[in-house]
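Student: With the sequence up front, the predicted model follows.
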Amino acid sequence: MSRIISFLLLISIFISTIVVISFCHWLIVWVAIEVGTFSVIPILFLSNTVRSVEASLKYFLVNVISAIILLMGSINILCTSGDWGMGLNSFSISGTSVIVIALLIKLGVAPFHLWFPEVIQGVGFLQGFLLSTWQKISPLYIMFVVNAEIKSEMLLIVGVSSVLISGWGGLNQTQTRKILSFSSIGFMGWLIVSLYYSPSLCLILFMLYIPVSGVLFFLFYYLNLLSLAGIYKVGYFSWFVFFVICGTISLGGLPPFGGFLIKFLPIYIISVNGGYLTLGLLILGTLLSLFYYLRLTFNLGLLLFPVSVGFLVNYRSSNSIPLSLSILSGWFLSISLFSLLLLGVFWVFV
């Protein structure tokens, strides 16, 4: 596939997301979401392997099913209110429930999560990053609109289940792409629970998740680190190992890294609102996921041997970090180092 076609597909994905956010018309929103879906499918099998084609087909079938369900829910709302608009008093319980199911399928959260790890495992790291971040914006925005009109406890059940399944499902995984996919499922669980208690918190969490996960996706792509067994190929100490360790600890939610805010802010909001049972289950699932984050960190930590500081600076200087990775890593470290200071700023928006 030529670069021009790839660029046009990315532009189409970007425009479709902007259209979803800008319009309050169910039919236009549905068309925009599907345009974005069909634009991302050719990008998924850029590697032109059997696994990538299989993953693209799975992604296509899942999104076709969710598109049909979403259209059925929109038609139900049209029949009830007589309008395609997404404004006040235009939602019905039955139509909204159908739409929420379609959105949960697109987000790849429990109990509709089985397709997501398989698709991420079959595509490249860059495509996986696209599916884990940008492709989630449109369904999340519609979920935000629906939740503002009809607040349902079903979101709590889905969110808690996603966090628990993320922790349990990633325990025995050795493939880095599957570990990242279960991490994405767990993050979406935290995001959905936060949406129930404090919708304004979702934007903050999503903006934090993009650089935190992006560092690992891009570093694993550059290192071609497909499994934990391939860590030995990284060699002894390099800045790549340092950034991967920081990113992994951050995804685990340990301070002072940026991922700590992703866990701390929802914990505070949930505890203030008295959701102690929900909070306990979320922490349980997070502890399970923290185990495989620390396992990856420990394996990478074995590559850090005691040498002088001057040697670390000069060692393998030819193995320079690409500019894109330098910018992303700098963004990540800036958020990580100042996460506790930014906590006070974020508090205003919560």
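Tutor: Nice, thanks for sending it over.

Student: Show me the longest helix that occurs in the chain.
Tutor: Looking across the chain with DSSP state H, the single longest helix is helix 50-81.

Student: Tell me the helix or strand right after that one.
Tutor: Later in the chain than helix 50-81, the nearest helix or strand by DSSP states H and E is helix 93-107.

Student: Show residues contacting the helix or strand just after that next one.
Tutor: Next in sequence after helix 93-107, counting helices and strands by DSSP H and E, comes helix 115-122. Helix 115-122 is contacted from outside by 44, 51-52, 54-56, 58-59, 62, 108, 128, 131-132, 169, 175, 177-178, 180-182, 184-185, using CB atoms under 8 Å, 6 or more residues apart in numbering. Yep, even glycine has a C-beta here, placed from its N, CA and C like the rest.

Student: Buried residues of the longest helix of the chain, list them for me.
Tutor: For helix 50-81, the neighbour count (16 or more other CB atoms under 10 Å) marks 52, 54-56, 58-60, 62-63, 66-67, 69-71, 73-78 as buried.

Student: on contacts alone, who are the packing partners of it?
Tutor: Helix 50-81 sits against helix 26-44, helix 93-107, helix 115-122, with contacts defined as 3 or more CB pairs under 8 Å, 6 or more residues apart in numbering; DSSP states H and E.

Student: how does it look with 10 Å?
Tutor: Here helix 50-81 touches helix 26-44, helix 93-107, helix 115-122, helix 125-132, helix 137-149, going by 3 or more CB pairs under 10 Å, 6 or more residues apart in numbering; DSSP states H and E.

Student: what angle do that helix and helix 137-149 make?
Tutor: Interaxial angle, helix 50-81 versus helix 137-149 (axes from the mean of the first three to the mean of the last three CA atoms, to 10 degrees): 30 degrees.

Student: and residue 225, helix, strand or coil?
Tutor: Classification of residue 225 using DSSP: H, G, I helix; E, B strand; the rest coil returns coil.

Student: tell me the contacts of it?
Tutor: 125, 176, 177, 216, 219, 231, 233, 234, 240, 244, 296, 300 (CB atoms under 10 Å, 6 or more residues apart in numbering).

Student: Just those residues: which are in strands?
Tutor: Members of the contacts of residue 225 lying in strands (criterion: DSSP state E): none.

Student: Just give me the closest of those to residue 196.
Tutor: Proximity of the contacts of residue 225 to residue 196 (CB to CB) peaks at residue 216, which lies at 27.7 Å.

Student: Which helix or strand in this structure has the lowest average pLDDT?
Tutor: Lowest mean confidence among the helices and strands of the chain (mean pLDDT, DSSP states H and E): helix 309-314, at a mean of 46.

Student: where does this structure dip in pLDDT?
Tutor: Flagging of the chain using pLDDT under 70 yields the residue ranges 1, 87-90, 150, 232-239, 302-350.

Student: ok, back up a step: please work out the angle formed by the directions of the longest helix of the chain and helix 115-122.
Tutor: Using the same axes, to 10 degrees: helix 50-81 against helix 115-122 is 150 degrees.
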